[in-house]
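Asker: structural data only, the sequence is not supplied:
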(Lines give C-alpha, C1' and ligand atoms only; values in the text may rest on other atoms or scores of the structure.)
Protein backbone atom coordinates (compact mmCIF):
# COMPACT_ATOMS: atom_id res chain seq x y z
CA UNK A 1 0.00 0.00 0.00
CA UNK A 2 2.88 2.38 0.73
CA UNK A 3 4.33 1.68 -2.71
CA UNK A 4 1.00 2.46 -4.36
CA UNK A 5 0.95 5.76 -2.43
CA UNK A 6 4.46 6.57 -3.70
CA UNK A 7 6.27 5.93 -0.42
CA UNK A 8 8.82 3.28 -1.44
CA UNK A 9 11.20 4.49 1.27
CA UNK A 10 8.78 3.51 4.02
CA UNK A 11 7.90 0.30 2.17
CA UNK A 12 11.58 -0.69 2.15
CA UNK A 13 11.83 0.11 5.86
CA UNK A 14 8.93 -2.24 6.59
CA UNK A 15 10.86 -5.00 4.82
CA UNK A 16 13.82 -4.26 7.12
CA UNK A 17 11.52 -4.31 10.16
CA UNK A 18 10.18 -7.67 8.96
CA UNK A 19 13.80 -8.90 8.86
CA UNK A 20 14.25 -7.94 12.51
CA UNK A 21 11.02 -9.66 13.53
CA UNK A 22 11.89 -12.73 11.46
CA UNK A 23 15.04 -13.10 13.52
CA UNK A 24 13.00 -13.14 16.73
CA UNK A 25 9.86 -15.13 16.01
CA UNK A 26 11.54 -18.53 16.11
CA UNK A 27 13.43 -17.73 19.30
CA UNK A 28 10.28 -16.46 20.99
CA UNK A 29 8.37 -19.59 19.94
CA UNK A 30 11.11 -21.80 21.37
CA UNK A 31 11.30 -19.75 24.55
CA UNK A 32 7.54 -20.09 25.05
CA UNK A 33 7.66 -23.75 23.92
CA UNK A 34 4.95 -23.21 21.32
CA UNK A 35 6.91 -24.17 18.18
CA UNK A 36 5.03 -26.45 15.80
CA UNK A 37 4.96 -27.61 12.19
CA UNK A 38 2.03 -25.27 11.60
CA UNK A 39 4.09 -22.31 12.80
CA UNK A 40 7.02 -23.41 10.64
CA UNK A 41 4.89 -23.47 7.49
CA UNK A 42 3.20 -20.17 8.38
CA UNK A 43 6.63 -18.61 8.90
CA UNK A 44 7.70 -19.71 5.41
CA UNK A 45 4.53 -18.28 3.88
CA UNK A 46 5.14 -14.98 5.68
CA UNK A 47 8.72 -14.96 4.40
CA UNK A 48 7.60 -15.42 0.79
CA UNK A 49 5.25 -12.44 1.08
CA UNK A 50 7.52 -10.16 3.13
CA UNK A 51 10.83 -10.85 1.40
CA UNK A 52 9.74 -12.17 -1.99
CA UNK A 53 6.54 -10.54 -3.20
CA UNK A 54 6.91 -7.18 -1.41
CA UNK A 55 10.49 -6.35 -2.57
CA UNK A 56 9.68 -7.44 -6.14
CA UNK A 57 6.64 -5.17 -6.10
CA UNK A 58 8.72 -2.27 -4.74
CA UNK A 59 11.25 -2.63 -7.56
CA UNK A 60 8.55 -3.01 -10.19
CA UNK A 61 6.67 0.08 -9.06
CA UNK A 62 9.75 2.29 -8.68
CA UNK A 63 11.91 1.19 -11.62
CA UNK A 64 9.96 -0.98 -14.08
CA UNK A 65 6.54 0.63 -14.18
CA UNK A 66 7.26 2.44 -17.46
CA UNK A 67 8.21 -0.95 -18.95
CA UNK A 68 5.02 -2.72 -17.85
CA UNK A 69 4.04 -3.37 -21.49
CA UNK A 70 7.00 -5.75 -21.89
CA UNK A 71 6.34 -9.37 -20.83
CA UNK A 72 9.99 -9.78 -19.78
CA UNK A 73 9.48 -7.33 -16.94
CA UNK A 74 6.55 -9.30 -15.59
CA UNK A 75 8.54 -12.51 -15.85
CA UNK A 76 11.52 -11.05 -13.97
CA UNK A 77 9.23 -9.67 -11.28
CA UNK A 78 7.74 -13.14 -10.79
CA UNK A 79 11.07 -15.00 -10.86
CA UNK A 80 12.34 -13.42 -7.65
CA UNK A 81 9.52 -14.55 -5.29
CA UNK A 82 9.40 -17.91 -7.09
CA UNK A 83 13.10 -18.54 -6.37
CA UNK A 84 12.52 -17.39 -2.81
CA UNK A 85 9.74 -19.96 -2.41
CA UNK A 86 12.02 -22.69 -3.81
CA UNK A 87 14.76 -21.69 -1.40
CA UNK A 88 12.39 -21.86 1.57
CA UNK A 89 11.05 -25.24 0.45
CA UNK A 90 14.60 -26.60 0.29
CA UNK A 91 15.37 -25.16 3.71
CA UNK A 92 12.27 -26.76 5.23
CA UNK A 93 13.25 -30.11 3.72
CA UNK A 94 16.97 -30.02 4.56
CA UNK A 95 17.39 -27.47 7.37
CA UNK A 96 20.71 -25.87 8.26
CA UNK A 97 23.97 -27.50 7.24
CA UNK A 98 26.54 -27.26 10.06
CA UNK A 99 25.36 -23.85 11.24
CA UNK A 100 25.19 -22.34 7.76
CA UNK A 101 22.58 -21.59 5.14
CA UNK A 102 22.64 -23.21 1.69
CA UNK A 103 21.80 -20.38 -0.65
CA UNK A 104 21.30 -16.72 0.16
CA UNK A 105 18.56 -16.44 2.83
CA UNK A 106 15.42 -14.84 1.45
CA UNK A 107 15.31 -12.11 4.17
CA UNK A 108 18.75 -10.88 3.08
CA UNK A 109 17.85 -11.09 -0.62
CA UNK A 110 14.59 -9.24 -0.04
CA UNK A 111 16.30 -6.59 2.06
CA UNK A 112 18.90 -5.98 -0.65
CA UNK A 113 16.29 -5.74 -3.39
CA UNK A 114 13.98 -3.46 -1.40
CA UNK A 115 16.76 -1.03 -0.47
CA UNK A 116 18.31 -1.22 -3.95
CA UNK A 117 15.04 0.06 -5.40
CA UNK A 118 15.60 3.35 -3.56
CA UNK A 119 18.63 3.99 -5.77
CA UNK A 120 16.51 3.76 -8.92
CA UNK A 121 16.75 7.47 -9.69
CA UNK A 122 20.54 7.40 -9.36
CA UNK A 123 21.09 4.18 -11.31
CA UNK A 124 18.95 5.17 -14.32
CA UNK A 125 19.41 1.69 -15.80
CA UNK A 126 16.54 -0.80 -15.62
CA UNK A 127 18.84 -3.44 -17.13
CA UNK A 128 21.19 -3.15 -14.14
CA UNK A 129 18.31 -3.60 -11.68
CA UNK A 130 17.06 -6.57 -13.71
CA UNK A 131 20.52 -8.11 -13.55
CA UNK A 132 20.66 -7.60 -9.79
CA UNK A 133 17.24 -9.20 -9.38
CA UNK A 134 18.33 -12.22 -11.42
CA UNK A 135 21.61 -12.49 -9.49
CA UNK A 136 19.80 -12.45 -6.15
CA UNK A 137 17.31 -15.02 -7.45
CA UNK A 138 20.15 -17.30 -8.51
CA UNK A 139 21.98 -16.92 -5.18
CA UNK A 140 18.84 -17.98 -3.29
CA UNK A 141 18.56 -21.29 -5.17
CA UNK A 142 22.32 -21.85 -5.45
CA UNK A 143 24.49 -24.02 -3.18
CA UNK A 144 26.56 -21.07 -2.01
CA UNK A 145 26.86 -21.25 1.78
CA UNK A 146 26.23 -18.31 4.07
CA UNK A 147 26.82 -18.05 7.82
CA UNK A 148 23.85 -18.46 10.09
CA UNK A 149 23.42 -16.06 13.00
CA UNK A 150 20.73 -18.21 14.59
CA UNK A 151 23.40 -19.94 16.65
CA UNK A 152 24.24 -16.68 18.42
CA UNK A 153 23.01 -16.92 21.99
CA UNK A 154 21.86 -13.91 23.99
CA UNK A 155 21.85 -13.78 27.75
CA UNK A 156 18.64 -13.10 29.65
CA UNK A 157 19.91 -9.65 30.51
CA UNK A 158 20.49 -8.90 26.82
CA UNK A 159 16.99 -10.10 25.92
CA UNK A 160 15.53 -7.43 28.21
CA UNK A 161 16.92 -4.76 25.90
CA UNK A 162 15.58 -6.31 22.70
CA UNK A 163 12.13 -4.58 22.83
CA UNK A 164 13.77 -1.20 23.44
CA UNK A 165 16.22 -1.77 20.59
CA UNK A 166 13.38 -2.72 18.26
CA UNK A 167 11.33 0.31 19.30
CA UNK A 168 14.33 2.58 18.73
CA UNK A 169 14.94 1.02 15.31
CA UNK A 170 11.31 1.56 14.32
CA UNK A 171 11.43 5.21 15.44
CA UNK A 172 14.58 5.83 13.41
CA UNK A 173 13.08 4.02 10.45
CA UNK A 174 9.94 6.17 10.45
CA UNK A 175 11.89 9.36 11.10
CA UNK A 176 14.62 8.77 8.50
CA UNK A 177 13.23 6.14 6.10
CA UNK A 178 15.27 6.92 2.99
CA UNK A 179 18.61 7.49 4.72
CA UNK A 180 18.32 4.44 6.96
CA UNK A 181 17.32 2.17 4.09
CA UNK A 182 20.33 3.24 2.05
CA UNK A 183 22.60 2.77 5.05
CA UNK A 184 21.36 -0.79 5.64
CA UNK A 185 21.90 -1.60 1.96
CA UNK A 186 25.68 -1.73 2.49
CA UNK A 187 25.95 -4.50 5.14
CA UNK A 188 23.34 -6.60 3.31
CA UNK A 189 25.34 -6.46 0.08
CA UNK A 190 28.55 -7.26 1.96
CA UNK A 191 26.84 -10.34 3.42
CA UNK A 192 25.81 -11.52 -0.06
CA UNK A 193 29.31 -10.95 -1.45
CA UNK A 194 30.98 -12.59 1.56
CA UNK A 195 29.28 -15.89 0.83
CA UNK A 196 30.44 -15.77 -2.79
CA UNK A 197 34.01 -14.98 -1.71
CA UNK A 198 34.07 -17.86 0.77
CA UNK A 199 32.93 -20.32 -1.88
CA UNK A 200 35.44 -19.01 -4.43
CA UNK A 201 38.22 -19.37 -1.83
CA UNK A 202 37.10 -22.92 -1.03
CA UNK A 203 37.03 -23.83 -4.73
CA UNK A 204 40.47 -22.32 -5.30
CA UNK A 205 41.84 -24.24 -2.29
CA UNK A 206 40.34 -27.49 -3.59
CA UNK A 207 41.82 -26.97 -7.07
CA UNK A 208 45.21 -26.09 -5.55
CA UNK A 209 45.23 -29.21 -3.35
CA UNK A 210 44.20 -31.42 -6.26
CA UNK A 211 46.88 -29.96 -8.51
CA UNK A 212 49.50 -30.32 -5.79
CA UNK A 213 48.49 -33.95 -5.21
CA UNK A 214 48.78 -34.69 -8.93
CA UNK A 215 52.28 -33.15 -9.00
CA UNK A 216 53.35 -35.18 -5.94
CA UNK A 217 51.98 -38.38 -7.48
CA UNK A 218 53.89 -37.66 -10.66
CA UNK A 219 57.13 -37.13 -8.72
CA UNK A 220 56.59 -40.35 -6.78
CA UNK A 221 56.04 -42.34 -9.97
CA UNK A 222 59.21 -40.95 -11.49
CA UNK A 223 61.14 -41.81 -8.33
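Answerer: Perfect, thanks for sending it. Just so we're clear, the structure is a prediction, and the values are computed from it rather than from any experiment. Numbering: from 1, shown residues only.

Asker: quick one: least confident helix or strand in this structure?
Answerer: Among the helices and strands of the chain, helix 156-159 carries the lowest confidence by mean pLDDT, DSSP states H and E, at a mean of 60.

Asker: what comes into contact with the helix or strand harbouring residue 75?
Answerer: Of the helices and strands defined by DSSP states H and E, residue 75 is found in helix 71-94. When contacts are taken as Cβ atoms under 8 Å, 6 or more residues apart in numbering, the neighbours of helix 71-94 outside the stretch itself are 40-41, 44, 47-48, 51-53, 55-57, 59-60, 64, 67-68, 101-106, 109-110, 113, 130, 133-134, 136-138, 140-141. In this view, the C-beta of every residue, glycine as well, is placed from N, C-alpha and C.

Asker: let's see that with 6 Å instead.
Answerer: Applying Cβ atoms under 6 Å, 6 or more residues apart in numbering, the set of residues contacting helix 71-94 from outside is 44, 47-48, 52-53, 56, 60, 64, 67, 103, 106, 130, 133, 137, 140-141.

Asker: ok, now stretch 127-140?
Answerer: Outside stretch 127-140, the residues that touch it by Cβ under 6 Å, 6+ apart are 63, 76, 79-80, 83-84, 87, 103-104, 109, 113.

Asker: and these, which two are furthest apart?
Answerer: Within the contacts of stretch 127-140, 63 and 103 form the most distant pair, 24.7 Å apart (Cβ to Cβ).

Asker: and the pLDDT at residue 15?
Answerer: Predicted confidence (pLDDT) for residue 15: 88.

Asker: I figured it hits residue 114, correct?
Answerer: Yes: the criterion here is Cβ atoms under 6 Å, and residue 15 meets it with residue 114 at 4.1 Å.

Asker: okay, those two: which has more neighbours?
Answerer: A side-by-side neighbour count of residue 15 and residue 114, using other Cβ atoms under 10 Å, places residue 114 first with 32 against 23.

Asker: what separation do you get for the more buried one and residue 52?
Answerer: In this structure, residue 114 and residue 52 are 11 Å apart, going by Cβ to Cβ, to the nearest Å.

Asker: and if you look at residue 190?
Answerer: The spacing between residue 190 and residue 52, counted by Cβ to Cβ, is 22 Å.

Asker: and the strands in this structure?
Answerer: 100-102, 145-147 (DSSP state E).

Asker: could you name the helices and strands sitting against the first one?
Answerer: With contacts defined as 3 or more Cβ pairs under 6 Å, 6 or more residues apart in numbering; DSSP states H and E, the packing partners of strand 100-102 are strand 145-147.
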